[in-house]
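Q: after the sequence you'll find the predicted model.
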Amino acid sequence: MSAHLSPRLCRAGRSFLGWEQADLAEASGVSKSTVGAFERREETARLTTMNNRALVEAFERAGLEFIAENGGGAGIRFRERKAPGA
């Protein structure tokens, strides 16, 4: 199951990658206006299932992973990368 993106996690993911809203829109196929509107909403805001999945998958393809909310709160981080030749 896909992570549930919040406006804050979306902004954090873009920040980690150095992406503008247009970069995320291009990588995900979700319009820039939808990304912008979502990021300006309150933290309880949700996207449609299709747009949530598209954004999460774009972040994951770019090397990020989502951390489940397990008492410490949901988060996002870079996936661990293997050393060359490992």
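A: Thanks, I have the structure now.
Q: let me know the pLDDT of residue 83.
A: At residue 83, the pLDDT value in this model is 57.
Q: what does residue 14 give?
A: 97.
Q: now name the helix or strand holding the closest residue to it other than its chain neighbours.
A: Distances taken as Cβ to Cβ, 6 or more residues apart in numbering put residue 24 closest to residue 14, at 5.6 Å, once the chain neighbours are dropped. The C-beta positions use only the backbone N, C-alpha and C, and glycine is treated the same way. Using DSSP states H and E, residue 24 sits in helix 21-28.
Q: now swap in residue 52 and tell me
A: Counting by DSSP H and E, residue 52 is found in helix 49-61.
Q: which other helices and strands contact that helix?
A: On a contact count with 3 or more Cβ pairs under 8 Å, 6 or more residues apart in numbering; DSSP states H and E, helix 49-61 meets helix 7-17, helix 21-28, helix 32-39, strand 64-67.
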